[in-house]
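>>> Predicted model and sequence below, questions to follow.
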Amino acid sequence: MLDYVAGLPAFLGYFAVGLAAYGVFAVIYTFLTPQKEVQLIRAGNLAAVTAFLGALVGFSLPLASAAANSVSIVDYIIWAVVGILAQILAYYIANFTMTDLHEKITAGDIAAGLWGGGIALVIGILNAACMTY
């Protein structure tokens, strides 16, 4: 019976680190963006929801790849940091390629939210693929 749960401590460690990484990413992302994601999302702003969820999914892909391919918790943490940095780059790419992105998201422009979230997702897919060493 114990053989079935032998991997449970490793699972719990990786899962806890993953949840912490999501928290760190969310704090950094909401600090970097000029719009107030939490307030906008609570107010029903679909553009803000789309952009933020795109960033979360874009971060989750490399985070999952890192969990599957890392050789230790320390290795996982290092690659999680790389994932955070890639998503910061994605935000700046989206912001650079669409004028007044944060104002448009704040105003509820769905196209702007899709653009920001889409760029985050595209960068996340590329980042995850590059982590499959």
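Received it, and whenever you're ready, just let me know what you need.
>>> Every contact and neighbour count from this point should use C-alpha atoms.
Noted.
>>> Look up how far residue 111 lies from residue 24.
Using CA to CA, to the nearest Å, we find residue 24 at a distance of 27 Å from residue 111.
>>> er, residue 85 I mean
Distance from residue 85 to residue 111, by CA to CA: 24 Å.
>>> Please apply the same query to residue 61.
According to CA to CA, residue 61 and residue 111 sit 23 Å apart.
>>> Check residue 95 too.
Going from residue 95 to residue 111 by CA to CA gives 13 Å.
>>> So residue 108, which state does it fall into?
Assigned state for residue 108: coil (three-state reduction, DSSP: H, G, I helix; E, B strand; the rest coil).
>>> so what's the nearest residue to it once chain neighbours are set aside up against?
Ranked by CA to CA, 6 or more residues apart in numbering and with sequence neighbours excluded, the top spatial neighbour of residue 108 is residue 47, at 5.1 Å. Counting by CA atoms under 8 Å, 6 or more residues apart in numbering, residue 47 touches 105, 106, 108, 109, 110, 111, 112, 113, 114.
>>> can you rerun that using 6 Å?
Contacts for residue 47 (CA atoms under 6 Å, 6 or more residues apart in numbering) come out as 105, 108, 109, 110, 113.
>>> Great, nothing more from me.
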